[in-house]
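Asker: Based on what follows, work out the 3D shape:
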Amino acid sequence: NNPIISFQAKCQVLNEYHHQNPRMSKQTSIFQPKSISDIYINISHFLDHFMMLIFAKAAYDAGKYFGLTYDEIIAYGAVGFLFFGAFAPLAAHLSDKISRSFLMIVYHFGIGLSSILAAAATNLWLFAVSLSLIGIFAAIYHPVGITMLLSKNKNNGVRMGINGVFGNMGVAAAPLITGLILFYGNWRLCFLLPGLFCLFYGLKFLSALSIEPSGKINSKVNSSQPFAKNWHRALSSIALSTLSAGFIFGAMTFIIPRYFETYLSNISTSVAVTGLLAGIVYATASFAQVFVGKMIDKFSPKLILLIISVGQILFIYFSSILENWSLFFMTLFAMAFVFGQVPINDIILSRYIPDKKRAKILSIKYVLNLSAGASVLPICSLMMQNGFEMRQIFSMMSFMAVLILLAALLLPKQLEEERLDLNTS
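Answerer: Presented below is the predicted three-dimensional model:
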């Protein structure tokens, strides 16, 4: 019995076993690129928006604890929303240097621990630092998680629509669950319980990762893949719509829970009930993304974006002048058009930008999008402190939706053979 031949035979058997059972070999290196089922990436999207919007509903009670009014306390969350966008390029860079899957692991444990720190904060500045840390780790998801999703280049419209539903379900669940926790507990539990859940889910996400069977091959193919024709003009359109949509999305998702508390007074003044109604609006409207995703797979994104922009202009404006049940249903339609836009830019980007460059381009897009969203808190705080009402903020958002209409007109038409999302390796 030759020991060298015996060792080689054992190695061959072990390699074949790992090839047939890739999840068993995932522990060879935590930094090794890995893949995961869409459902895990989608749930992570849910958590991303949920964790960022806990503060939106808990701000009033946290403000009372720290001796501040609502319009004063929300300014302390502005840095976290700014970092939510500003740290996206760093996350994209690290995902290219290390791996996308590793950054997603850091994401789950980071937001979980940061949220627990916020729950334990004993002074205002530690609370503000905790909110900022949540924003830093939450910044990882969009440039990294969405890139993992788009890398499969298969039915991107529908898959991005479904992913968007999960993200917006996080938006919907935040005021609902936070409101219920506030009703039975306090603002500290609003951060503690979701933080613990993120830690447990991070372990589940880690265990579900598997080795990418053809990562090296795809990397070589994608590295030499050129940009699509008219990509400069497409990115200009994306930038314009991203800036305006970022502010509108941020304002609508942050303000509506408090807006309902003020202007649904004939229905209820309970934070639990208004939180439930806000959650119903977000949850119902989020399914618009699946419909929009299917439509983009069949029709031109230019046409879909034109329709979306007109809908936002009209329904957001009407939401600024109505009250009670009329306001509720008008806000539902407005949110459907706001949420419906979410997957459009990412799908357009996947058709013009090769996979190897998507993380970096997506990170720049999210810097624009989330930085615009981060400006919501200081702008709204400043406006309300100077006598403006939340209705006037809605009127301003309606005007900003005109920029999305201009972006749709700027977007070039693209032939099917020019699309990069159809050029799979």
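Asker: quick one: low-confidence ranges for the stretch 151-300 of the chain?
Answerer: Along the stretch 151-300 of the chain, segments meeting pLDDT under 70 span 153, 212-225.
Asker: immediately after the host helix or strand of Thr242, which helix or strand?
Answerer: If you go by DSSP states H and E, Thr242 is part of helix 231-263. Using DSSP H and E, the helix or strand that directly follows helix 231-263 along the chain is helix 271-286.
Asker: export that next one as PDB, just CAs?
Answerer: Below are the C-alpha coordinates for helix 271-286, written out as PDB (Å, rounded to 0.1, in the frame of the first residue of the first chain):
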ATOM      1  CA  VAL A 271     -50.100  55.400  18.200                       C
ATOM      2  CA  ALA A 272     -50.900  51.700  17.800                       C
ATOM      3  CA  VAL A 273     -53.900  52.300  15.500                       C
ATOM      4  CA  THR A 274     -52.200  55.000  13.400                       C
ATOM      5  CA  GLY A 275     -49.100  52.800  13.200                       C
ATOM      6  CA  LEU A 276     -51.300  49.900  12.000                       C
ATOM      7  CA  LEU A 277     -52.900  52.200   9.300                       C
ATOM      8  CA  ALA A 278     -49.400  53.300   8.200                       C
ATOM      9  CA  GLY A 279     -48.300  49.700   8.100                       C
ATOM     10  CA  ILE A 280     -51.300  48.800   5.900                       C
ATOM     11  CA  VAL A 281     -50.500  51.600   3.500                       C
ATOM     12  CA  TYR A 282     -46.900  50.500   3.200                       C
ATOM     13  CA  ALA A 283     -47.600  46.800   3.000                       C
ATOM     14  CA  THR A 284     -50.400  47.100   0.400                       C
ATOM     15  CA  ALA A 285     -48.500  49.600  -1.800                       C
ATOM     16  CA  SER A 286     -45.300  47.500  -1.700                       C
END
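Asker: Next, the buried residues of the helix or strand just after that helix.
Answerer: Following helix 271-286 in sequence order, the next helix or strand is helix 288-298 (DSSP H and E). Under the neighbour-count criterion of 16 or more other Cβ atoms under 10 Å, helix 288-298 has 288-290, 292-293, 295-296 buried. No exception for glycine: its C-beta is placed from N, CA and C like everyone else's.
Asker: one step back: can you list the helices and strands that the helix holding Thr242 packs against?
Answerer: helix 54-66, helix 156-184, helix 271-286, helix 301-319, helix 324-352, helix 355-374, helix 376-385, helix 390-410 (3 or more Cβ pairs under 8 Å, 6 or more residues apart in numbering; DSSP states H and E).
Asker: Give me the angle between that helix and helix 355-374.
Answerer: 30 degrees (axes from the mean of the first three to the mean of the last three Cα atoms, to 10 degrees).
Asker: and stretch 286-299, how far out from the chain's middle?
Answerer: 17 Å (Cα atoms, centre = their mean, to the nearest Å).
Asker: List the contacts of it.
Answerer: 155-162, 164-165, 167-169, 171-172, 304, 308, 336-337, 339-344, 347 (Cβ atoms under 8 Å, 6 or more residues apart in numbering).
Asker: Show me just the buried residues among those.
Answerer: Buried, going by 16+ other Cβ under 10 Å: 156-162, 164-165, 167-169, 171-172, 304, 308, 336-337, 339-344, 347, out of the contacts of stretch 286-299.
Asker: before we move on, back to that, want to throw the helices and strands packed on helix 231-263 into TSV with distance to Ile36?
Answerer: Shown next, in TSV, are the helices and strands packed on helix 231-263 (distance: least, Cβ to Cβ, whole Å):
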stretch	distance to Ile36
helix 54-66	25
helix 156-184	13
helix 271-286	22
helix 301-319	27
helix 324-352	18
helix 355-374	16
helix 376-385	32
helix 390-410	33
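Asker: ok, and for the helix holding Thr242, which residues are buried?
Answerer: 231, 234-235, 237-261, 263.
Asker: just the angle between it and helix 324-352, please?
Answerer: 160 degrees.
Asker: ok, now how distant is Leu410 from Ser236?
Answerer: 6 Å (Cβ to Cβ, to the nearest Å).
Asker: now swap in Pro257 and tell me
Answerer: From Pro257 to Ser236 the distance is 34 Å (Cβ to Cβ).
Asker: Which of the residues in stretch 35-54 are classified as buried?
Answerer: Under 16+ other Cβ under 10 Å, the buried positions of stretch 35-54 are 35-36, 40-54.
Asker: Show only the entries of these found in helices.
Answerer: Under the assignment DSSP state H, the buried residues of stretch 35-54 contribute 40-52, 54 to helices.
Asker: Identify the residue nearest Leu133 in space, chain neighbours excluded?
Answerer: Computed as Cβ to Cβ, 6 or more residues apart in numbering, the closest residue to Leu133 that is not its neighbour in sequence is Ser114, at 3.8 Å.
Asker: Next, count neighbours for that neighbour.
Answerer: 24 (other Cβ atoms under 10 Å).
Asker: secondary structure class for it?
Answerer: Here Ser114 takes the helix state, with states given by DSSP: H, G, I helix; E, B strand; the rest coil.
Asker: Quick check, it in contact with Ala139.
Answerer: No: with contact defined as Cβ atoms under 8 Å, Ser114 does not reach Ala139; the gap is 11.7 Å.
Asker: With that, I have no additional questions.
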